[in-house]
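Student: Pasted the sequence and its predicted model underneath.
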Amino acid sequence: MLNSLPFLKEGEAFPDPSSGPKEGLLAWGGELSVSRLRTAYRSGIFPWFNEGNPVLWWSPDPRCVIFPETFYFPKSMRRFTRRYTVHFDEAFGAVVALCASRPSTWITPAMQEAYEALHVKGMAHCVAVREKGELVGGVYGVCVGGIFCAESMVSLRPNASKVALWALFNVFNRGLVFVDAQVPNPHLMSLGAQLMPRDKYLDYVAREKNNPCGVGV
């Protein structure tokens, strides 16, 4: 399959995602540098691959997104916002490591290092969820203007990752348009996610990529 895809040499440009296959696999190879990742996200592309495989670059059609106004967080869940505390950009590496600790993770050590470098440059952010000081969940991702491209979420306690999303929409919202959840699954759809055609998603990226980050304190 890879033989039929473009191979990216270091510094080589990405293929146009708008003309890519619907499943989204655009190219392989290249490096996980800050500049490469910045270009990828600002082009509607993200890396996704398993340990031992080459770097794979994706832009699926459709895209799974969650708008603030459609995020489903019932009143019965609000008690968890009092049980936990939320913190923006606290212990970024620990949140990524917690996500990577799950079985069958795709978050390799190289990926962890790459996103920590993005965080240092102010492009990657996280919400840490704590209970009595202990890190029990969170979410991390990359900001493209008002789009928060969520890379991974994790819960060690009930609904901790949902509280992290709630915090993005309700506590740390500084112009958040939507959370990009990339590919759908039943859990995301139960939270109010919807499918957006890739062309529409790329239009949003083009409008937002030069705007200030939509989340923060």
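Tutor: Received, thanks.

Student: Using the three-state scheme, assign the residue nearest to the spatial centre of the chain.
Tutor: Centroid check for the chain by CA atoms, centre = their mean gives Ala150 as the closest residue, at 1.9 Å. Secondary structure assignment for Ala150 (DSSP: H, G, I helix; E, B strand; the rest coil): strand.

Student: partners of it in the sheet?
Tutor: On the basis of DSSP bridges, Ala150 is bridged to Gly141.

Student: Verify the stated contact: it with Ala181.
Tutor: Yes. Using CB atoms under 8 Å, Ala150 is in contact with Ala181, at 5.6 Å. All C-beta spots, glycine's among them, are computed from the backbone N, C-alpha and C.

Student: now the strands for this structure?
Tutor: Assigned by DSSP state E, the chain shows strands spanning 7-8, 25-29, 46-47, 56-58, 63-66, 85-88, 124-131, 134-144, 147-155, 178-182, 194-196.

Student: For the longest one, name the packing helices and strands.
Tutor: Helices and strands touching strand 134-144, by 3 or more CB pairs under 8 Å, 6 or more residues apart in numbering; DSSP states H and E, are helix 34-41, helix 92-100, helix 109-120, strand 124-131, strand 147-155, helix 160-170.

Student: Next, the angle from that strand to strand 178-182.
Tutor: 100 degrees (axes from the mean of the first three to the mean of the last three CA atoms, to 10 degrees).

Student: which parts of strand 134-144 are buried?
Tutor: Leu135, Val136, Gly137, Gly138, Val139, Tyr140, Gly141, Val142, Cys143, Val144 (16 or more other CB atoms under 10 Å).

Student: Would you point out the most distant pair within the residues you listed?
Tutor: Val136 and Val144 (27.9 Å; CB to CB).

Student: Give me the distance between the residue lying closest to Cys126 once chain neighbours are set aside and Leu98.
Tutor: Spatial nearest neighbour of Cys126, chain neighbours left out: Tyr140 (3.9 Å); criterion: CB to CB, 6 or more residues apart in numbering. Note on Tyr140: its distance to Leu98, by CB to CB, to the nearest Å, is 9 Å.

Student: The helices and strands packed on strand 134-144: which one's closest to Val177?
Tutor: Closest to Val177 of the helices and strands packed on strand 134-144 is strand 147-155 (CB to CB; 5.8 Å).

Student: So which elements touch that closest one?
Tutor: Where contact means 3+ CB pairs under 8 Å, 6+ apart, strand 147-155 is packed against helix 92-100, strand 134-144, helix 160-170, strand 178-182, helix 198-208.

Student: right, and the ones you listed - which one's nearest Gly214?
Tutor: strand 134-144 (6.6 Å).

Student: what stretches of this protein score poorly on pLDDT?
Tutor: Applying pLDDT under 70 to the chain flags the ranges 1.
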